[in-house]
Structures are given as C-alpha cells and as structure tokens.
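>>> I would like the atomic coordinates for the input below:
(2 chains)
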Amino acid sequence: MKQVNFPLFATFCQKFGAQVQSMHSERDDETYLFINNSDIRDIAEYLRGEFEARLVTVFAEDRCSTDGVFFNYYVFEQNDNPQYLIVRAPVSADDPRFPSLSAELPAVNWQEREIQDWFGLTATGHPNPRRVALHDNWPDVHPLRKDFPVDTVLAPFEGERHIYRPALGEGVFQVPVGPVHAGTIEPGHFSFAVAGEPILYLQLRMFYTHKGTEKLFERLPIHKAVFLAESVSGDSSFSHGTAFCQAIERAAEIQLPLRALIMRTILLELERICNHVADIGAIANDVGFVVANAHATRLKEMLFANNEQLAGNRLLRGMVCVGGIRRAWRAWQVDSLCDTVKAFAREFQDLVALINSSESTRDRLDHTGILKPKIAKDLGIVGVAGRASGIDLDVRRDHPYAAYRQYPFQVPVYQAGDVWHRMQVRIDEVKESLSIITRATDQDLNGEFRISVPPIPRNRCALSAVEGWRGEIIHWIRTGADNRLERCKIKDPSLNNWPAVVEAVQGNIIADFPVINKSFNLSYSGTDR
Amino acid sequence: MFKILQKAISTGIVTTAYPSKPVKISEHFRGRPSFDFEKWQDARPAEDVCPTGAISFCDDGDSRKVTVDYGLCVFCGLCAEASADQAVRITQEFELATADRRNLVLTAEYTLNADGTHRRLRALHRDFSNPAADVERVGQTAREKIQKLLGRSLAIREVDAGSCNGCELEIIALNNPIYDIERFGIHFVASPRHADMLLVTGPVTRNMEFALLKTYRAMPEPRLVVAVGACGISGGIFGANYASLGAVDKVLPVDVYIPGCPPRPQALLQGILLAVGRLRETRYDERP
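As a prediction, the model looks like this:
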C-alpha cells in the first residue's frame, strides 16, 4: 500500500476537511480515498461537477468482524484518465444507514437497493426503496452479511412476489409477461401498461435467476472460483473469467507474459464477434427477416467450431486461468484461426449487404426503441447500448488491459439510439474486432503463456474492468486466507442497462418489444447473479 | 429477393448428418473424462482441482472409496492435467444422456498405501440401472405413452430455472440450419399447454421454483421432463445454497439427464431423442 501525495488529496482535504481520512494508490490506475462517514453526497457532487467523473458502480462489504463497520465503495472514472478513484465510506453496524444518491443519480438506483437487500443497510432518501434483489416474499435475511451461512435453507416463500403499479385509465390494459417467456430466453417478469397497441410504461421484475453467486465466491478456492466467474453469464464466459483472473493477478501483483495477454485479447474479441453476429441475426429475425438470421447463426456456428478448436469448449470456457492461459496454440491452430477469420469476414460482408438490401427491415428498425443520449447519460448506460446513444465509453480504450494498447481501434458512437443503430454499433465493432484479431495473429505467438502463481497474499483489494461484448464488466475482490476471497463484487453491464429498456420501449407498440429487447440483449443471469 | 436466393444457392446445404452419421468434432474438444481405475494411483490431486466436486473420495481405515459423478462434471479437464499417473484422460465423448441419474456415477474402492496413494483396486461399481426392472417408473410409462400417442413428433417447452444462459445458447442453436431440430418433427413451443416435453436448465433458483412447477402443471399428460447441463442435474458449480435448490429433480420427476456445461447441440439432440425412445443410451464402460 503506497501512501501517495496527490495534489488531488490536498484539494479534497481543503474542501471536505475532517471528512477525508486518507488516500492511497493500490496500483497506478487504482486509487482509494477513505472517508470517515457514510455521507458521500458532497464528494460525489464535487467529483461529478468539477471533474465530470462518472460513477461506475456502488457496492458494499461486510467488515464488521475486523473493522466493526460495513464499507460502501463508490467507483469513479473520468474521461481520458485511465485511473479509477474508489471512495470508501464506512456504514456503522449499529446504525446501518447511508444517504442515497439515487435521486440525483438514477444510475445507482438498483445498486443501492441491492445493498439494502443483501447487506441490510438502509439507503435513506431513496426515491423507491422497495426490494430489488430479493423478492418481496423472501424472509428478512441479508445473505451477503458474514454471519449468514451460504447454505442456509430458507423456508418456503409465501405471499406476493412483487406489487406492481396498477394500470389505470380508460382503455388501459396491463399485459403481464414472464417469468417463463414464449421463446428460449432467460426468466424475468415484464408488466406492460398499454393503451391499445402503444406501451405506456413497462415495469420490470428481475432477479429470478439469483443463485447466490457473489456469496459463493467467498467459499471457493480461487482456482475453482474461475469457473464460477465463467458461469456469471454464459455468453460472456471468457470476459467474466478474464475480469476475475485479472483482479486476482492485480491483487497478487502478477505480471503476465505478453503471449498470454495477446491470446486473451484474441479470445475476448472472438467472444464479442460470436455474440454480435448472433444478435444482428436475431434482430433481423424479430422483424421477420428469417433468412438473415439463418446466415447469422451459420456464421456463429462457424466461430463456435473454431472456439472449440482453440479452447476445447464452444463458449471458450476453461481457457483463462490465474497466471495466463491454460494451453498454448500450435501453429496449425493459429493458421486455422486466421483462415476462419478470413472466411468469416467475407461472409459477414455478405450478411450486412443482405440486411442493408432489405428496405422493410430498415423501416422496422429505424426510429424504433429510441434511447435518447440525455436519458442514457442519466441512467449510466454502458456498452453497445450506450455507444448507440452517444455514450463514448469503451474499457478497452479507456482503461487498457490485456494487449489492447498494441492494437488501436475505432469506437463507434452514434446519437440516434434506436434499434438500427444498436445493430450498427455491433456491425462496426465486428469489423474492428476482426482487424484486432488479424493484427494479433500476425505477431509471433511464442514464449511463455502461463506463469506459476505464488500463494495469493491476503487482505489485498483489486478492481478489474473488462469490456465484455455487452459493455463494462467490473470485478472487485478482497483476498482472504487460504487462497480464498473475502468478497467478490461483480457488476455485469446488464445491471446498468435494464432501466434503458424501460425507457426505450415507451410509446412503441407492444409487438416491437421483442426486437427492442433483443437490440439490448441483456443478461438476466449477469444481472441477477 | 434475387440476392437472397443467390446467397442461399451459393451456401448450399449446411445441415449436419448427426445422429445418422457420427459427428466430426475437434480433437481439442473436452468431452467425458475417462478413468483408468486400475492404473489410478492417487485420486487426491484430481479431487483437489475439481471445481464442482465431481470427483470426491472418502477414506475409511485402509480403504478409499472414490466417486466420479458425471452429473456434476463441467468438463474443464483439470482432473486429467492434475493426475500425474496418466490414469485420467479427456475423451471426445459427449453422448452422455441417460434416463437414470445413477448411471452418471462411478465408484471405485481402493486399498490405501501409508502415504495416501492407492495400492490396489478392490472393486468398481457402476450403478447401471436395469431398464427392465424400472418399468413402473413414471417416466418410462410416460415415454411409452408419448411414443404411442405422438409417433415421432414432439413439442418442447424450455424453462430456464436459473441457468447462466450457456445452456440456452446451445438450445437455441438446435434451431439453426446446422442442427435443424425440426427435421425430426421436433419443435419448440411458446406455451406449456402445447408441450409434451419440459426442457429445464439451471440449478432451480428459489425464485424460479414456483414458476417451474406451474409450467409443469400447465402441461397436458403424458409429459416428459429433461434436465439439461450440470446445473440442471446437480446444481453444478452453484450447488444448493440459500438461493438455489441445486437440481431439477428436487422439484420435478426427471426422465432424462443431459450432462455438459453446457451440453453441445448434438448432446442435447441425443438426450431429446433418447427421451422419446428414438435413440438408445450409449453405454460407456470403464474396464479395469
């Protein structure tokens, strides 16, 4: 732990006086500011106003047994600054309350309520303090507190799961959908209020797939926890796995060999392409262009076969490990990867041309499900959905990891924020990803790909960020004894982006909901954990 | 229109011939880990690395009972890497679906050396079910009824009971032109009221328990239940915890189990066809 003399620290001390305790850098791009009470409102406002900082995520940690308090962590980032500033604010165990930021910052609405549900800390002044992460029929438990055993068996639940705002007015109907949907998708409940065909508003009920993931991380030894990270969201297996391993490597100060970094970059980009091409097809499918989807799924299958060749698993599971990559590629595997990428690039061009040739597809997607840039900014939308609505964020460029520094690329940003442009972002990104992979495979992939990992020192904190195909993935860990973790916080981009779906569907006809939802394609499992 | 046709013609037929012809998969694919129990000198390193506890052992005096449960396996391949004696090998086998959960479990009994390694294989058990003795099982009768009633067609309702969405990706792939499940007269339907089979993924979260039961109850009889993936069979890496029940068969009677994490589309196809009696179970054997 380095105590650094930040010019910023002096400013903070001057401005906030005794509230500021200390400031230190865990590593070059990760600075912690400790304050001595739970009220971060002024500091947050100052950071947002003065530095135009963005609040990336908020989460809590139970440190009652060691420090006698809970801690809330607020992660900030600033444009053009690779550094993350993490403000740590204690919340007393005797008076477990902290002032809410949600009224000014709707982006943390769900995240603060998650802290309420999981840790039993009250976000005072929260405009909508109802439960989010545990349904209403759960007993009064706080599973992420340390005194709550992970294998507790709760009695059968009774009562209402959630009370929805009623749909009132003449000719207004409520259309309940889910948690079991018509298609093969994940579970969640949507309650639409409709007046004729247009949607007045949508209420969401998520967390149907909550399976205790963050708590489970505290039980598994680190090498096994990698597989749990890969199961946070199946379609982002490699991104979540990488984010997790990166966090451990940062905590243990392990420097990876270049070859491992390049291989990770290639695999991350492959995951992005697989999902993007599938989404492009699925969006076309949802407006009736079935042929385009048939080609897109064929292309995805081509990549999945290639994934299997490279990683032994179609979802690229079991490839990333703490200390690098589990197995190297032989020359013929790299050659076959290059061939696949070339063939894919050709086919992808055809697919895009096919979609562009269909006037009716464009007609259905243009101006459908608009998410306005202003709303996207207020809600803290990230990733593909953010970039289609003017939010110029990309972890790969803003906080480079793996080998991304070596491969400059364009980040597509559009202002229109409709389904067409969310598809357009994906099309542009596939092209950039193909170029990154081509450049990466042009290099000599020689040397070490995995280094031996010493025992992980305890009580180290680390933040790790990865731009998954959906957007910004954050893992934050505190290491514990016996090669285990004290806490692992996971933020999937889906958690940020669900409120965007609510905004985007308003005023659209209910028949367009599937395609709008698909254009975001959020992970329920990643949200619910 | 012309462009669409041109592209279709130039692409040609891409559908796989599986299961009428064996599938060609990468030699790197990690399928079922195979155990040479006779040669296996120490199960401890494999047990130590196994993320889900698919390999476990229990020592009693000078004997050790090793259990391998393919229902828990996530096919990571770590057991083979950790076992220095080369007794664990990763194969490309993926046709592991079975109508009986016990068929996924192997046990071996060893005499122990003083240093904790194995000396001698005493016995090897494979809890093969005897289908003839199981005729009273609900699943069996349902299967027969369905075959009689529907002949060769089947309507499937899929329910995600808390999966990571990995299984969903592969289930959706069954509808793509490569696997094209409709060529078997099998299709996915929107309502459980139209379904003959419930295809369930995930460890069954407490929040999905009720919805899963309701979906099942909404199905007309006879009906089949297929548990998909390590999570559906055993809870997988999530197991049972405060938020997860840790297996589909804790809530519903399961007719067929399809191991995998996730099972590849061909494995899903095999399990589904097995459930309606259109394929036989593949029996792998571990010969000492």
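>>> Within range of chain B, give me the residues from the stretch 351-500 of chain A.
A:Ala353, A:Leu354, A:Ser357 (CB under 8 Å from any CB of the partner chain). Using the backbone N, CA and C atoms, a C-beta is placed for each residue, glycine as well.
>>> can you pick the most crowded of the residues you listed?
A:Leu354 (20 neighbours; other CB atoms under 10 Å in any protein chain shown).
>>> since we're on the residue in the stretch 51-200 of chain B positioned nearest to chain A, how many residues are nearby?
Among the residues of the stretch 51-200 of chain B, B:Gly166 lies closest to chain A, at 2.7 Å counting by CB to the nearest CB. B:Gly166: 29 surrounding residues under other CB under 10 Å.
>>> Would you report the backbone torsion angles of the nearest residue to B:Gly116 once chain neighbours are set aside?
The shortest distance from B:Gly116 to any non-neighbouring residue, by CB to CB, 6 or more residues apart in numbering or on different chains, is to B:Arg44 (6.5 Å). The phi/psi pair for B:Arg44 (degrees, to the nearest 10) reads phi -60, psi -40.
>>> What of B:Asn241?
Per degrees, to the nearest 10, the backbone of B:Asn241 is at phi -150, psi -170.
>>> so what pLDDT did it get?
B:Asn241 carries a pLDDT score of 93 in this model.
>>> from what I can see it touches A:Glu214, true?
No. Applying CB atoms under 8 Å as the test, B:Asn241 and A:Glu214 come out as separate, 11.2 Å apart.
>>> ok, the two, which is more surrounded?
Each of B:Asn241 and A:Glu214 has its neighbours counted (other CB under 10 Å); B:Asn241 has more, 24 against 20.
>>> what sits against the more buried one?
A:Val150, A:Asp151, A:Thr152, A:Lys211, A:Gly212, A:Lys215, A:Leu216 (CB atoms under 8 Å, 6 or more residues apart in numbering or on different chains).
>>> Now for residue 263, how many residues are close by?
Went with chain A since none was named. 29.
>>> meant chain B actually
Residues near B:Pro263, counting by other CB under 10 Å: 27.
>>> Now it, what are its backbone angles?
Taking degrees, to the nearest 10 as the convention, B:Pro263 sits at phi -70, psi 140.
>>> And it, how far from chain A?
Applying CB to the nearest CB, to the nearest Å, the value for B:Pro263 to chain A is 10 Å.
>>> Which residues lie in contact with that residue in this structure?
B:Phe94, B:Ala97, B:Cys167, B:Glu170, B:Val228, B:Gly229, B:Gly271.
>>> related to what we said a few turns ago, there's contact between the residue of the stretch 51-200 of chain B closest to chain A and A:Gly234 in this structure, I believe.
Yes. With contact defined as CB under 8 Å, B:Gly166 and A:Gly234 form a contacting pair (2.7 Å).
>>> so what sits against both of those two?
A:Leu315, B:Pro262.
>>> where along the stretch 1-150 of chain A do the strands fall?
A:2-3, A:20-27, A:30-35, A:54-63, A:69-78, A:81-92, A:97-99, A:122-124 (DSSP state E, counting those that start in this stretch).
>>> Which elements pack onto the longest one?
Contacting strand A:81-92 under the criterion 3 or more CB pairs under 8 Å, 6 or more residues apart in numbering or on different chains; DSSP states H and E are the following elements: strand A:30-35, helix A:41-50, strand A:69-78, strand A:97-99, strand A:461-467.
>>> TSV for these, including distance to A:Leu337?
Formatted as TSV, the helices and strands packed on strand A:81-92 follow (distance: least, CB to CB, whole Å):
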stretch	distance to A:Leu337
strand A:30-35	33
helix A:41-50	43
strand A:69-78	33
strand A:97-99	49
strand A:461-467	21
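>>> Can you lay out those as JSON lines showing mean neighbour count and mean pLDDT?
Supplementary listing: these in JSON lines, determined by neighbours: other CB atoms under 10 Å in any protein chain shown; pLDDT from 0 to 100:
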{"stretch": "strand A:30-35", "mean neighbour count": "20", "mean pLDDT": "91"}
{"stretch": "helix A:41-50", "mean neighbour count": "15", "mean pLDDT": "89"}
{"stretch": "strand A:69-78", "mean neighbour count": "21", "mean pLDDT": "94"}
{"stretch": "strand A:97-99", "mean neighbour count": "20", "mean pLDDT": "94"}
{"stretch": "strand A:461-467", "mean neighbour count": "24", "mean pLDDT": "95"}
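>>> Flag the shaky bits of chain A, pLDDT-wise.
By pLDDT under 70, the low-scoring segments of chain A are A:1-7.
>>> which residues does the closest residue to A:Asp366 other than its chain neighbours contact?
What sits nearest to A:Asp366 in space, not counting adjacent residues and going by CB to CB, 6+ apart, is A:Trp420, at 4.9 Å. Contact analysis of A:Trp420 by CB under 8 Å, 6+ apart lists A:Arg362, A:Leu365, A:Asp366, A:His367, A:Thr368.
>>> In a helix, A:Trp420, correct?
Yes. Counting by DSSP: H, G, I helix; E, B strand; the rest coil, A:Trp420 is found in a helix.
>>> what about A:Phe238, distance to B:Pro263?
Separation of A:Phe238 from B:Pro263 (CB to CB, to the nearest Å) stands at 19 Å.
>>> go on, A:Val322?
In terms of CB to CB, A:Val322 sits 27 Å off from B:Pro263.
>>> do A:Phe244 as well
Distance from A:Phe244 to B:Pro263, by CB to CB: 24 Å.
>>> So B:Leu96 sits against B:Val256, correct?
No. Using CB under 8 Å as the test, B:Leu96 is too far from B:Val256 to be in contact (10.9 Å).
>>> JSON lines please, covering the contacts of B:Asn241 and showing secondary structure and distance to chain B.
Formatted as JSON lines, these follow (DSSP: H, G, I helix; E, B strand; the rest coil; distance: CB to the nearest CB, whole Å):
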{"residue": "A:Val150", "secondary structure": "coil", "distance to chain B": "5"}
{"residue": "A:Asp151", "secondary structure": "coil", "distance to chain B": "5"}
{"residue": "A:Thr152", "secondary structure": "coil", "distance to chain B": "4"}
{"residue": "A:Lys211", "secondary structure": "coil", "distance to chain B": "4"}
{"residue": "A:Gly212", "secondary structure": "coil", "distance to chain B": "4"}
{"residue": "A:Lys215", "secondary structure": "helix", "distance to chain B": "7"}
{"residue": "A:Leu216", "secondary structure": "helix", "distance to chain B": "6"}
